[in-house]
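*Asks:* Below are the sequence and a predicted model for it; my questions follow.
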Amino acid sequence: MNPFMFRPGNSTLHGLDTRCKVFLVCLMSLALVKADFPACGILFGILVFFIKNIGLGVGETLKHLKYFILFLVFILLSRALTIAGDPLISLHGMTISAQGLYQGSLVALRFFLVMVTGLVFSATTRPSSLKSAAQWYLKPIPLIPEKRVAIMISLALRFLPLLLQQAQETSNAICARCGNLEKNPVKRFIRLTLPLLKKTFLSADHLISAMEARCYCEDRTDPEFEPSGKEAIFIVISLVFWLCLFLA
Amino acid sequence: MATPILEINHLTHRYPDGNGGIFDINFSVTKGEFILIAGQNGSGKTTLIRHLNGLIAPQEGRILLQGRDIFKNLTHTRKTVGMVFQDADTQIVCDTVYDEVAFGPENLNLERSLINKKVIQVLDQLDLTGLKHRNPATLSGGEKRKLAIAGILAMDPEVIVFDEPFANLDHPGTQSILAVISGLNKNGHTIIMATHDVETVLHSASRLIIMARGRIAIEGSITQMVGHLESHGIKPPCTCTMEPPSPPCQ
């Protein structure tokens, strides 16, 4: 199961208008640029509350993010080893400095919080309403065809898994005829990509026909939003937190 | 005699490579009919039905919908003549069942309240209400096919054209889709179906057109045509009676 998949539910975040959630995620990401350990701790507490609230479970979330956490450990170590400062540990000519460890931990924690925010957002937001929110935000910007962008987002969300499935099927078909014995990676790549591209273009052709058959045009009904009424509270609290962080 | 809803006159379409195509096709469709278009692979079935809602323009001849050329108002044509494609995977555009059904009405720029009403009604009609928040990629083959039909039904078509609706379906999936299609025909929809799996649907259809090499080889009522199936490369039913296939063929 993809950890970033939408999980239907009735939590407060599920009910929140997607436009508001997009705004909050942007605000939180900006806040994290300035956040130090205490602020990160507060944000972490808030995220843990919402993770429990949407029924995800902290352990399960960490399990889903295990490879990402490894990546964060790598960032922490590289920072700790490269930033000069008061030495903490010295081993085989490499020194971990106190300042490096502090900086590395902070950067890793900020990345971690951004990732968990994204996970909470995607677990509580239907992809289709994300598309609608993108359309709504792009509407006032001149020269950007927001409806076309929205349908492109929708098609990407719909067809990405299908393309991966086709790639897997093509790969299986090649292996079934001992194609896996080919050691030359370029030949292997060509053998996989050419039929995959052919299939993809054919599918795109069919898709265009299917959309035309259902009168697809850009003058479509606008998406519908259903605000829960709690959006203003969330925005005010987030703005106060954000201001406190930047003014402190 | 009832006025035809669709008239196909001297329809011809040749492909540039010289393979396939259709030549001098003539027939008319009366409201409420259930027409089967059968034929071997490459006989021109798909090319023919793709003309019916304006996806392919004829090179010669014309198609009249309620007496007017279908290309005069393509939006009206595509709203009146719905098309269900062979591969549901490439027909499904959206990432939830609900949005997929709403896609057509949204293209027609209908009021949101009307769209919601139509979607709920169609989902209920096809027993898909429980799946409305699901991602179409996670549905079974039969459910995907039903969803493709639902996407068309939400646009209130009078005629529904099916291209090989039973392809790649198991027996329960086939029966379920057949029940949906027969139900639509009983509710007054005109059905045109291109298939080579004639046996499955023979008992529901009212007329059979057999195509060969891009031309109509022979057409008539089901009773008249049963004996001609095998000679045109189409698998005949196990029994040549008009009784429903029960018990199943051995």
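*Replies:* Okay, I see it.

*Asks:* Compute the number of surrounding residues for A:Leu130.
*Replies:* A:Leu130 is surrounded by 22 other residues when neighbours are defined as other C-beta atoms under 10 Å in any protein chain shown. Using the backbone N, CA and C atoms, a C-beta is placed for each residue, glycine as well.

*Asks:* Which elements pack onto the longest helix anywhere in chain B?
*Replies:* The helix of greatest length in chain B, counted in residues with DSSP state H as the criterion, is given as helix B:171-186. If contacts are counted by 3 or more C-beta pairs under 8 Å, 6 or more residues apart in numbering or on different chains; DSSP states H and E, helix B:171-186 sits against helix B:141-153, strand B:159-163, strand B:190-195, helix B:198-201.

*Asks:* ok, now with 10 Å
*Replies:* Under the contact criterion of 3 or more C-beta pairs under 10 Å, 6 or more residues apart in numbering or on different chains; DSSP states H and E, helix B:171-186 touches strand B:34-39, helix B:112-125, helix B:141-153, strand B:159-163, strand B:190-195, helix B:198-201.

*Asks:* any chance of these in a markdown table, plus distance to B:Ile177, mean neighbour count and mean pLDDT?
*Replies:* Conversion of those to a markdown table gives the following (distance: least, C-beta to C-beta, whole Å; neighbours: other C-beta atoms under 10 Å in any protein chain shown; pLDDT from 0 to 100):
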| stretch | distance to B:Ile177 | mean neighbour count | mean pLDDT |
| --- | --- | --- | --- |
| strand B:34-39 | 14 | 24 | 94 |
| helix B:112-125 | 14 | 16 | 94 |
| helix B:141-153 | 5 | 24 | 93 |
| strand B:159-163 | 9 | 23 | 95 |
| strand B:190-195 | 11 | 24 | 94 |
| helix B:198-201 | 9 | 20 | 87 |
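
*Asks:* and the helix or strand in which A:Ala150 is found, anywhere near chain B?
*Replies:* Secondary-structure assignment from DSSP states H and E places A:Ala150 in helix A:146-176. Yes: residues of helix A:146-176 contacting chain B under C-beta under 10 Å from any C-beta of the partner chain: A:151, A:153-162, A:165-166.

*Asks:* which among those end up buried?
*Replies:* Neighbour-count burial (16 or more other C-beta atoms under 10 Å in any protein chain shown) applied to the residues of helix A:146-176 next to chain B gives A:151, A:153-155, A:157-159, A:162, A:166.

*Asks:* quick one: least confident of those?
*Replies:* For those, the weakest pLDDT value sits at A:Arg158, with 70.

*Asks:* Please name the nearest non-neighbouring residue to that residue.
*Replies:* Counting by C-beta to C-beta, 6 or more residues apart in numbering or on different chains, the nearest residue to A:Arg158 once its immediate chain neighbours are dropped is B:Asp95, at 5.1 Å.

*Asks:* Helix, strand, or coil at the one you found?
*Replies:* Under the three-state scheme (DSSP: H, G, I helix; E, B strand; the rest coil), B:Asp95 adopts coil.

*Asks:* circling back: after the helix holding A:Ala150, next one along is what?
*Replies:* Defined by DSSP H and E, the subsequent element after helix A:146-176 is helix A:185-213.

*Asks:* That following helix vs chain B: in contact?
*Replies:* Yes: where contact is defined by C-beta under 10 Å from any C-beta, part of helix A:185-213 touches chain B, namely A:202-213.

*Asks:* now the end-to-end length of stretch B:225-236.
*Replies:* From the first residue to the last, stretch B:225-236 extends over 10 Å; the measure is C-alpha to C-alpha, to the nearest Å.

*Asks:* can you pull the buried residues of that stretch?
*Replies:* Counting neighbours by 16+ other C-beta under 10 Å, one finds that the buried residues in stretch B:225-236 are B:225-226, B:228-229, B:232, B:234.

*Asks:* who's in contact with whatever helix or strand A:Leu72 lives in?
*Replies:* Under the assignment given by DSSP H and E, the secondary-structure element containing A:Leu72 is helix A:66-82. Counting contacts by C-beta atoms under 10 Å, 6 or more residues apart in numbering or on different chains, the residues outside helix A:66-82 that touch it are A:3, A:62-63, A:65, A:88-89, A:94-112, A:115-116, A:119.

*Asks:* Show the subsequent helix or strand relative to it.
*Replies:* Heading C-terminal from helix A:66-82, the first helix or strand you meet, by DSSP H and E, is strand A:87-91.

*Asks:* which stretches of chain A have low pLDDT?
*Replies:* Flagging of chain A using pLDDT under 70 yields the residue ranges A:1-3.

*Asks:* Tell me how it divides into domains.
*Replies:* As given by automatic domain parsing, the domain ranges for chain A are A:12-126+A:226-247, A:146-213.

*Asks:* about what we covered before: quick one: which of the buried residues of stretch B:225-236 sit in helices?
*Replies:* Among these, the members that lie in helices (by DSSP H) are B:Met225.

*Asks:* Mind putting the buried residues of stretch B:225-236 into a markdown table with pLDDT?
*Replies:* Converted to a markdown table, the buried residues of stretch B:225-236 look like this (pLDDT from 0 to 100):
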| residue | pLDDT |
| --- | --- |
| B:Met225 | 85 |
| B:Val226 | 82 |
| B:His228 | 83 |
| B:Leu229 | 84 |
| B:His232 | 83 |
| B:Ile234 | 84 |
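
*Asks:* Tell me which residue is most central in chain B.
*Replies:* Compute the mean C-alpha point of chain B, and by C-alpha atoms, centre = their mean the closest residue is B:Phe162, 1.7 Å away.

*Asks:* what sits against the residue nearest to that residue when sequence neighbours are not counted?
*Replies:* For B:Phe162, ignoring the flanking residues on the chain, the nearest one in space by C-beta to C-beta, 6+ apart is B:Met193 at 4.4 Å. The contact partners of B:Met193, by C-beta under 10 Å, 6+ apart, come to B:34-38, B:45, B:49, B:84, B:160-166, B:181, B:185, B:201, B:204-205.

*Asks:* What is the end-to-end distance of stretch B:219-236?
*Replies:* Distance across stretch B:219-236, first residue to last, is 15 Å (C-alpha to C-alpha).

*Asks:* now stretch B:65-77
*Replies:* The first residue of stretch B:65-77 is 7 Å away from its last residue (C-alpha to C-alpha).

*Asks:* Rounded mean pLDDT for it, please.
*Replies:* This predicted structure assigns stretch B:65-77 an average pLDDT of 93.

*Asks:* Same check on stretch B:94-109?
*Replies:* Mean per-residue pLDDT for stretch B:94-109: 90.

*Asks:* Whichever strand or helix holds A:Trp136: which residues count as buried?
*Replies:* Assigning secondary structure by DSSP H and E places A:Trp136 in helix A:127-138. Neighbour counts over helix A:127-138 (16+ other C-beta under 10 Å) mark A:127-136 as buried.

*Asks:* could I get those as a markdown table with distance to chain B?
*Replies:* Putting the buried residues of helix A:127-138 into a markdown table (distance: C-beta to the nearest C-beta, whole Å) gives the following:
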| residue | distance to chain B |
| --- | --- |
| A:Pro127 | 5 |
| A:Ser128 | 5 |
| A:Ser129 | 9 |
| A:Leu130 | 10 |
| A:Lys131 | 8 |
| A:Ser132 | 10 |
| A:Ala133 | 14 |
| A:Ala134 | 13 |
| A:Gln135 | 12 |
| A:Trp136 | 14 |
